[in-house]
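Participant: No sequence on hand, only this structure:
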């Protein structure tokens, strides 16, 4: 019985298929086809970024949702091509190819397996396989907690910086000027300088065609689609990218653009459906370093996106199982000529808008993609590369809207704003991999800053206490809140904050109309944010309490403390008994005049 439960938990498809409603089927099938229509141009375009053939992008788009369907707890997430991951894959491919072939690594003869088992396609497949191993290790070792450090500002700054890399990397295709495939620190500026100094050598035909494509796509997506959606009362995805790719591939073939206008084309595309094969072992070893960086990005995106869509649609996902789902997807995809995949917001959103109810939508997605691979794939041989570059550039247009996050973050949290900007700048000025490392370091610094210099606040009893004068007692109190754990890194700030609060408290006047009334003073520590305390924190508490009792002649109370803090403070004689603790600030204040 336990074994069967384990199997069911590992294969969520068993659970949700048993409760699947027939009324969902048609919606899933329709949504799946719509998602597939998005997969095609994305797979083809991002294959260009990954340094492999367009058909390999279609293979990746086919296998990723197929395998993910069996292991996912998310009902709607669409796994497939993603620009940032494709860029990281291309950079990793360059480094691995250079290791084996030196400066000749970019020779077209190494594009596929015809001349060597170590080629662009086998490198991408080995990287996908290795990525799966890394992702599964994260799941097995329960390292998911690490990804809680990858905050939204970090992901936002990093992904925006990576998008700048994607944009600049497409200048080669638009201008038809080959730049070096270096990806060391500051290489983007090398590309810009190279293109600027060789702009006279640009192919005017690829430039003009790229501009026309971008104008058509922007008009279609920003003008025509909103108009159509408004008239129809629902979101109707029009595959402008796919339509243009089909038309321009035909025109390129029909009018021989590669000869007439010297337009680089995709070239020979493998035919048929690939048989599974084990990745080249040496390439698996070579892939571990870049796979770790890609693992961090993919799992961060996976957990963030699946949680976001689950919350929107009113269900829960299992983050741990999602890591396994992504891991097995990459692992099994690595036996085929694919490249690493990641969750996609646009595909998922379109699927939901078109009625997707479960992961069964992947069935029609894969069926559609299979038909494209078998029937249409070979014709992409004549597709001009500048078309793919233009499609990618338009897809990246949303990058610039992300800069709007900066003023909002600045108002909400200066520290988060620092993380966003530092993540963005390090990613742009160094490279994607090192940018991720420095972004993580920026988050760690922000955690230290928040811990070492936390905020604190205090509120005091009103100076006019006439409401209590009939009893002859003037309740005088101060409520002090420290917004952090109390440990060795910040105990000095805690003591300084309490000292300043006490001085302000003592300087406040007491106004009463009863000359015979006397004051009863209480200093209340709001411990709701103090969830952890060490020996230095205990010593700090003892010191400030002694100062409070001496200077203000006040009793000390604690409110909103958790059981761990209560136990520690009593155990170390900071508090005398549980009578010093109150469940709320109001209860602590009310106790002043209760005697």
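Facilitator: Received it, and whenever you're ready, just let me know what you need. Predicted model, so just to flag it, every value in this text is computed and none were measured.
Participant: CA only for contacts and neighbour counts going forward, please
Facilitator: OK.
Participant: Could you tell me the end-to-end distance of stretch 509-526?
Facilitator: Distances were taken as C-alpha to C-alpha, to the nearest Å; on that basis the terminal residues of stretch 509-526 are 23 Å apart.
Participant: How about stretch 558-566?
Facilitator: Distance between the boundary residues of stretch 558-566 (C-alpha to C-alpha) amounts to 9 Å.
Participant: Please parse this structure into its domains.
Facilitator: Following automatic domain parsing, the chain resolves into domains at 20-264+272-447, 456-593.
Participant: Now do the phi/psi pair for residue 530.
Facilitator: The phi and psi torsions at residue 530 (degrees, to the nearest 10) take the values phi -90, psi 90.
Participant: which residues touch it?
Facilitator: Contacts for residue 530 (C-alpha atoms under 8 Å, 6 or more residues apart in numbering) come out as 482, 483, 484, 485, 486, 561, 565.
Participant: picking that back up, could you dump the domains of the chain to CSV with mean pLDDT and distance to residue 12?
Facilitator: Conversion of the domains of the chain to CSV gives the following (pLDDT from 0 to 100; distance: least, C-alpha to C-alpha, whole Å):
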stretch, mean pLDDT, distance to residue 12
domain 20-264+272-447, 87, 6
domain 456-593, 85, 36
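Participant: Determine which stretch of those domains is the most buried.
Facilitator: domain 20-264+272-447 (a mean of 20; mean count of other C-alpha atoms under 10 Å).
Participant: thinking again about what came up before, need the domains of the chain in a markdown table with distance to residue 14, can you?
Facilitator: As requested, the domains of the chain are arranged in a markdown table below (distance: least, C-alpha to C-alpha, whole Å):
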| stretch | distance to residue 14 |
| --- | --- |
| domain 20-264+272-447 | 8 |
| domain 456-593 | 41 |
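Participant: Backbone dihedrals for residue 479, both of them.
Facilitator: Residue 479 has phi and psi values of phi -110, psi 120 when expressed as degrees, to the nearest 10.
Participant: Might one say that it is in contact with residue 526?
Facilitator: Yes: between residue 479 and residue 526 there is a contact under C-alpha atoms under 8 Å: 6.5 Å.
Participant: what residues are shared contacts of those two?
Facilitator: Jointly contacting residue 479 and residue 526 under the rule C-alpha under 8 Å, 6+ apart are residue 585.
Participant: Strands of the stretch 401-550 of the chain, start to end?
Facilitator: 456-460, 473-482, 518-526 (DSSP state E, counting those that start in this stretch).
Participant: Relative to the shortest one, what are the paired strands and their orientations?
Facilitator: So that's strand 456-460. Each strand that strand 456-460 pairs with, and the sense of that pairing, follows from DSSP bridges: strand 473-482 (antiparallel).
Participant: For residue 117, give me its contacts.
Facilitator: Counting by C-alpha under 8 Å, 6+ apart, residue 117 makes contact with residue 280.
Participant: let's see it at 10 Å
Facilitator: Taking C-alpha atoms under 10 Å, 6 or more residues apart in numbering as the definition of contact, the neighbours of residue 117 are 110, 123, 279, 280, 283.
Participant: isn't the fourth one right up against residue 120?
Facilitator: No: between residue 280 and residue 120 no contact is recorded; they are 11.9 Å apart, counting by C-alpha atoms under 10 Å.
Participant: Next secondary structure element downstream of the top helix by length along the chain?
Facilitator: Once the chain is assigned using DSSP state H, the helix that runs over the most residues is helix 281-313. Tracing the chain past helix 281-313, the next element assigned as helix or strand by DSSP states H and E is helix 319-333.
Participant: just checking, residue 252 is part of a helix?
Facilitator: Yes: Residue 252: assigned to a helix according to DSSP: H, G, I helix; E, B strand; the rest coil.
Participant: Next up, the contacts around it.
Facilitator: With the criterion set at C-alpha under 10 Å, 6+ apart, residue 252 makes contact with 258, 259, 260, 263, 265, 381, 382, 383, 384.
Participant: before we move on, what SS does the nearest residue in space to residue 14 that is not next to it in sequence have?
Facilitator: In this structure, residue 14 finds its nearest non-sequential neighbour in residue 8, 6.0 Å apart by C-alpha to C-alpha, 6 or more residues apart in numbering. Three-state secondary structure (criterion: three-state DSSP) places residue 8 in helix.
Participant: Tell me who's in contact with residue 8.
Facilitator: Neighbours of residue 8 in contact, by C-alpha under 10 Å, 6+ apart: 2, 14, 15, 16, 71.
Participant: And it, what's its pLDDT?
Facilitator: Confidence per residue is given as pLDDT, and for residue 8 that number is 71.
Participant: one step back: let's see which of the contacts of residue 530 end up in helices.
Facilitator: Going by DSSP H, the helices hold residue 565 from those.
Participant: Format the contacts of residue 530 as JSON lines; extra columns: distance to residue 206.
Facilitator: What follows is the contacts of residue 530, written out as JSON lines (distance: C-alpha to C-alpha, whole Å):
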{"residue": "482", "distance to residue 206": "62"}
{"residue": "483", "distance to residue 206": "58"}
{"residue": "484", "distance to residue 206": "58"}
{"residue": "485", "distance to residue 206": "59"}
{"residue": "486", "distance to residue 206": "62"}
{"residue": "561", "distance to residue 206": "67"}
{"residue": "565", "distance to residue 206": "68"}
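Participant: so who does the residue lying closest to residue 553 once chain neighbours are set aside touch?
Facilitator: Nearest residue to residue 553 in three dimensions, chain neighbours excluded: residue 521, at 7.2 Å (C-alpha to C-alpha, 6+ apart). When the contact criterion is C-alpha under 10 Å, 6+ apart, the partners of residue 521 are 461, 474-478, 549, 552-556, 589, 592-593.
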